[in-house]
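1. would you be able to build a 3D model of this:
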Amino acid sequence: METAQLYQSLTFLAYATGVIVIIVGVMLVKVLYDLSKLTKKADDTVSMVNTELTPTLKNINKSVAIVSGIIIKTDEGINKVRDAIKNSPLKIFSKLGSITGGVAKGFASGLCSAFKMFSKKK
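-> Numbering: from 1, shown residues only. The predicted structure is shown next:
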C-alpha cells in the first residue's frame, strides 16, 4: 500500500510541477510580449522627440548667436563711450558726483546739528 500511495503522490507532484511550469511559461511569454510593445513605443517616442527637438535646438542656437552678437556690440559701444569720457575734458563731471556727495553730506549734517541746537530746551 505504501508503494501505491508513493506513486500516487509522485504522480500528483509531477502534474502540479507541469501545471506550474506551464503557468510560469505563459506569464513569461506575456511579460516578453509587453516588453516588446514597450520597446516599440519607446522607440516611437524617441524618434518623435528627435524630430521635434532638432529644429528647436537649431532655433535656440540661432537665438543665442543673435543675443551674443548684440551683447558683444553693446560692450564695444560701452567701451567706446568710456574711452571717449576718459579722453574728453568731461573728466571733471565723473569726479563731480563724489565731490557733491561729500558737500551734500556735510551740508545735511550741519543742518541737522543746527536744528538740534535750536530745538534744545533750557
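2. from here on, just use CA atoms for contacts and neighbour counts.
-> OK.
3. how many other residues sit next to Lys86?
-> Residues lying near Lys86 (other CA atoms under 10 Å) number 13.
4. which element is it on?
-> Per DSSP states H and E: Lys86 is located in helix 2-87.
5. tell me what that helix is packed against?
-> Contact here means 3 or more CA pairs under 8 Å, 6 or more residues apart in numbering; DSSP states H and E; on that basis helix 2-87 packs against no helix or strand.
6. what about 10 Å?
-> Applying 3 or more CA pairs under 10 Å, 6 or more residues apart in numbering; DSSP states H and E, we find helix 2-87 packed against helix 91-119.
7. what average pLDDT does the helix it packs on get?
-> Mean pLDDT, computed over helix 91-119, is 67.
8. ditto for stretch 68-87
-> Regarding stretch 68-87, the rounded mean pLDDT is 84.
9. equivalent analysis for stretch 36-47, please.
-> Per-residue scores along stretch 36-47 average to 96.
10. touching it from outside, list them.
-> Identification of contacts with stretch 36-47 by CA atoms under 10 Å, 6 or more residues apart in numbering yields 30-35, 48-53.
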